[in-house]
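Participant: Kindly generate the corresponding structure for this input.
(2 chains)
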Protein chains: 2
Amino acid sequence: MAPVVERAREVRYATAAELPEAIVGADVLFAYDFFSSAIPDAWPAADALEWIHVASTGVDAILSPELRASDVVLTNSRGVFDEAIAEYVLGQVLSFAKDLPRSWELQQARRWVHRESERVAGTSALVIGTGQIGRAIARLLRAAGIRVSGSGRRARTDDPDFGTVTAQEDLHEALAGADWVVCIAPLTEATRGMLDGAAFRAMADHARLINVGRGESVVTDDLVTALREGAIAGAALDVLDTEPLPDDHPLWDLPDVRITPHNSGDFVGWRDALVRVFTDNFARWVDEEPLRDVVDTSLGYVPTDGSAR
Amino acid sequence: MAPVVERAREVRYATAAELPEAIVGADVLFAYDFFSSAIPDAWPAADALEWIHVASTGVDAILSPELRASDVVLTNSRGVFDEAIAEYVLGQVLSFAKDLPRSWELQQARRWVHRESERVAGTSALVIGTGQIGRAIARLLRAAGIRVSGSGRRARTDDPDFGTVTAQEDLHEALAGADWVVCIAPLTEATRGMLDGAAFRAMADHARLINVGRGESVVTDDLVTALREGAIAGAALDVLDTEPLPDDHPLWDLPDVRITPHNSGDFVGWRDALVRVFTDNFARWVDEEPLRDVVDTSLGYVPTDGSAR
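Facilitator: The predicted structure is shown next:
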């Protein structure tokens, strides 16, 4: 932890197993994402907790009913991963369009096989999730000449990054017009399982899904069926409903599926960047100023007006 | 060939072997790129030739001393491939940065191995070659947040697409500051072999080369040495000095080398686009108007002022 925190307050470090003991008397908890699920278990021992800061954007794993019902403030690390994830999404889009994985397969076989490739400019993308990361994705895809629209809570036609945003109840109609479907929605009861068989059937058969949000937004068995039946043309999945993806899962070797290990946002230096986000908020807490990036625990994310950090 | 041409003039179709007979009496020759090297052989029979249009941007294979010394006008297909090649370049940049090939290797082994990735925004690219394709590359890389400069014939600081362009005699100094080196230079006596051992030693050891110009601009043995010794970190090669790359060539399986089969510009629909470029120029020829995209045969390319087609 940064020296500025250690100078200001007593700092305890704890593993998940140590947390129920370490949390007693603690005012503030800084939690790495993978640690989030340990917190509901330690909750009964949290007798002085005022504030939890989580080193991730998604807060689904930490959002227990007890936390929702409490006065504990929850903040996230909104902004750290935005542009790295946007670059990953555009990288997967271009890799699909230019058929780069097939080129590397052919290279391994020392084969020179001319193929035509797809243009990216002029295609259309639907970004599901209009928070900060979704906005960064929208801006970068637009910069590459892709027509972008959004799917979010509230329909609107004047969004600065998306132009048109359709409401989630119109998701299937919006899916039908997209060459690329990018999911960066937070995991909530409204989004869990929203990309199911009916959604894949609504997509164009040449469309590809890129999921950089949460694996549970997708009904994975339905995705496997859609890929096998050609309902959609491919998927790049940085998140899965079970992580790591089990050894024997069919997604590993379906053609036109690209698996990455939930690292789309994890650029070199991301841990330092996460600590800086926390220490910035910690200074506000010490000074009794309002915290930034406060999660609306009833929504499950930080309501955004589109402004950058 | 398009009906508009067949209605206006007698059209003959010829293979390379048939060309010396077919070219007798012909005013105009439309040649696909791979056909270019057949033309110098047929040259003695070209008794009426006024104009050759080549379905490529590079004209190195067609530029015989006899053609240079003649009054035959040479035009190329400038503009058709620009944006597709730019997309390919950005795709390779992002694939390197996000380590996608390694993700696909791990996927084949069904392994989930978290790694950090590189940010692309804020890195620097040197584009060697400031013609139309180089400009399209510069614009797209800039749109992704990459700082771009150019290397061309004439040094300048006010280029609309590159900002700063350094002259070829300062190439090594320019190479030293680049995270990405993109070669899209035409093949001329000035550029042949310019990327040699000394050039690779001038590059940063974390830099990658992306060659979408001509393979002969690179001294391939020096590139192999530079990659083996870690003088540079990788190369994406769409062009090679021998195409197809021979089966036993060491480039096929050097780590961090990506081979594609000279198809970076060949998007779905490229052949139709090439025919449209020719028929547009053919209409000018029939009407005795000035042709577009006339190659300066002493330079070996179409001098460009940066304007798009």
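Participant: For the most centrally placed residue in chain A, list the residues it contacts.
Facilitator: Chain A has A:Gly213 as the residue nearest its centroid, 2.9 Å off, counting by Cα atoms, centre = their mean. A:Gly213 sits next to A:Gly58, A:Ile128, A:Gly129, A:Cys183, A:Ile184, A:Ala185, A:Pro186, A:Leu187, A:Thr191, A:Val239 when contact means Cβ atoms under 8 Å, 6 or more residues apart in numbering or on different chains. Backbone N, C-alpha and C define where each C-beta goes, glycine included.
Participant: so which pair among those residues is furthest apart in space?
Facilitator: Farthest pair in those (Cβ to Cβ) is A:Gly58 and A:Ile128. Separation: 14.1 Å.
Participant: May I see the buried residues of the worst-scoring helix or strand of chain A on mean pLDDT?
Facilitator: When each helix and strand of chain A is scored by mean pLDDT, DSSP states H and E, helix A:3-8 comes last, with a mean of 86. By 16 or more other Cβ atoms under 10 Å in any protein chain shown, the buried positions in helix A:3-8 come out as A:Val5.
Participant: Using CSV, write out the CA atom coordinates for that helix.
Facilitator: What follows is helix A:3-8 as a C-alpha-only set of coordinates in CSV (Å, rounded to 0.1, in the frame of the first residue of the first chain):
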residue,chain,number,x,y,z
PRO,A,3,3.2,5.2,2.2
VAL,A,4,0.7,8.1,2.2
VAL,A,5,-1.9,5.6,3.6
GLU,A,6,0.4,3.9,6.0
ARG,A,7,1.4,7.3,7.5
ALA,A,8,-2.2,8.4,8.0
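Participant: Most proximal residue of the stretch 151-300 of chain A with respect to chain B?
Facilitator: A:Pro244 (3.4 Å; Cβ to the nearest Cβ).
Participant: I'd like the contacts of A:Gly213 as TSV, with pLDDT and secondary structure appended.
Facilitator: Shown next, in TSV, are those (pLDDT from 0 to 100; DSSP: H, G, I helix; E, B strand; the rest coil):
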residue	pLDDT	secondary structure
A:Gly58	90	coil
A:Ile128	98	strand
A:Gly129	97	coil
A:Cys183	98	strand
A:Ile184	98	coil
A:Ala185	97	coil
A:Pro186	94	coil
A:Leu187	95	coil
A:Thr191	96	coil
A:Val239	98	coil
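Participant: Name the member of those with the most neighbours.
Facilitator: Neighbour counts for the contacts of A:Gly213 were taken using other Cβ atoms under 10 Å in any protein chain shown; the highest belongs to A:Ile184, which has 31 neighbours.
Participant: rewinding a little: now the residue nearest to the centre of chain A: which helix or strand?
Facilitator: Assigning secondary structure by DSSP states H and E places A:Gly213 outside every helix and strand.
Participant: Hmm, A:Gln168 and A:Arg154 touching each other?
Facilitator: No: counting by Cβ atoms under 8 Å, A:Gln168 is not a contact partner of A:Arg154; they are 9.4 Å apart.
Participant: ok, back up a step: tabulate the contacts of A:Gly213 in TSV, adding columns for distance to chain B.
Facilitator: Output for the contacts of A:Gly213, formatted as TSV (distance: Cβ to the nearest Cβ, whole Å):
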residue	distance to chain B
A:Gly58	16
A:Ile128	21
A:Gly129	20
A:Cys183	18
A:Ile184	16
A:Ala185	22
A:Pro186	22
A:Leu187	20
A:Thr191	24
A:Val239	12
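Participant: out of those, who's nearest A:Asp159?
Facilitator: Using Cβ to Cβ, these come closest to A:Asp159 at A:Gly129, 12.7 Å.
Participant: So if I had to pick from A:Arg154 and A:Gln168, which one is more boxed in?
Facilitator: A:Gln168 (16 against 10).
Participant: residues near A:Ser117, how many?
Facilitator: Neighbours of A:Ser117 (other Cβ under 10 Å): 25.
Participant: what about it, distance to A:Pro303?
Facilitator: Distance, A:Ser117 to A:Pro303, by Cβ to Cβ, to the nearest Å: 40 Å.
Participant: distance of A:Ala143 from chain B?
Facilitator: Counting by Cβ to the nearest Cβ, to the nearest Å, the separation of A:Ala143 from chain B is 4 Å.
Participant: Give me every residue in the stretch 51-200 of chain A lying close to chain B.
Facilitator: A:83-84, A:87-88, A:90-92, A:94-95, A:97-98, A:100-101, A:103-104, A:106-108, A:110, A:112-121, A:140, A:143-145 (Cβ under 8 Å from any Cβ of the partner chain).
Participant: quick one: which of the residues you listed sit in helices?
Facilitator: A:83-84, A:87-88, A:90-92, A:94-95, A:97, A:100-101, A:103-104, A:106-108, A:140, A:143 (DSSP state H).
Participant: Just the buried ones from these?
Facilitator: Using 16+ other Cβ under 10 Å as the threshold, A:83-84, A:87-88, A:90-92, A:94-95, A:97, A:100-101, A:103-104, A:106-107, A:140, A:143 are the buried ones among these.
Participant: so where do the strands sit in the stretch 101-250 of chain A?
Facilitator: Secondary structure of the stretch 101-250 of chain A (DSSP state E, counting those that start in this stretch): strands at A:124-128, A:147-152, A:156-159, A:163-167, A:180-183, A:208-211, A:234-237.
Participant: Turn those strands into a markdown table, including distance to A:Val277.
Facilitator: Converted to a markdown table, the strands of the stretch 101-250 of chain A look like this (distance: least, Cβ to Cβ, whole Å):
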| stretch | distance to A:Val277 |
| --- | --- |
| strand A:124-128 | 23 |
| strand A:147-152 | 24 |
| strand A:156-159 | 25 |
| strand A:163-167 | 27 |
| strand A:180-183 | 24 |
| strand A:208-211 | 24 |
| strand A:234-237 | 26 |
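Participant: hey, which of those is tucked in deepest?
Facilitator: strand A:180-183 (a mean of 27; mean count of other Cβ atoms under 10 Å in any protein chain shown).
Participant: residues making contact with it?
Facilitator: Contacts for strand A:180-183 (Cβ under 8 Å, 6+ apart): A:89, A:93, A:123-129, A:134, A:137, A:141, A:146, A:175, A:195, A:203, A:207-213, A:217-218.
Participant: ok, 7 Å please
Facilitator: Applying Cβ atoms under 7 Å, 6 or more residues apart in numbering or on different chains, the contact partners of strand A:180-183 are A:89, A:93, A:123, A:125-129, A:137, A:175, A:195, A:203, A:207-213, A:217.
Participant: Ok, stretch A:139-149 next?
Facilitator: So stretch A:139-149 is in contact with A:86-87, A:90, A:120-127, A:138, A:161-166, A:174, B:140, B:143-144, going by Cβ under 7 Å, 6+ apart.
Participant: just stretch A:234-249 next, same as before
Facilitator: Identification of contacts with stretch A:234-249 by Cβ under 7 Å, 6+ apart yields A:88, A:92, A:96, A:208-216, A:218, A:220, A:223, A:227, A:251-252, A:256-264, B:110, B:112.
Participant: Which of these are buried, as a PyMOL select command?
Facilitator: Applying 16+ other Cβ under 10 Å to the contacts of stretch A:234-249 leaves a buried subset, and the PyMOL line that selects it is:
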select buried, (chain A and resi 88+92+96+208+209+210+211+212+213+214+215+216+218+220+223+227+251+252+257+258+259+260+261+262+263+264) or (chain B and resi 110+112)
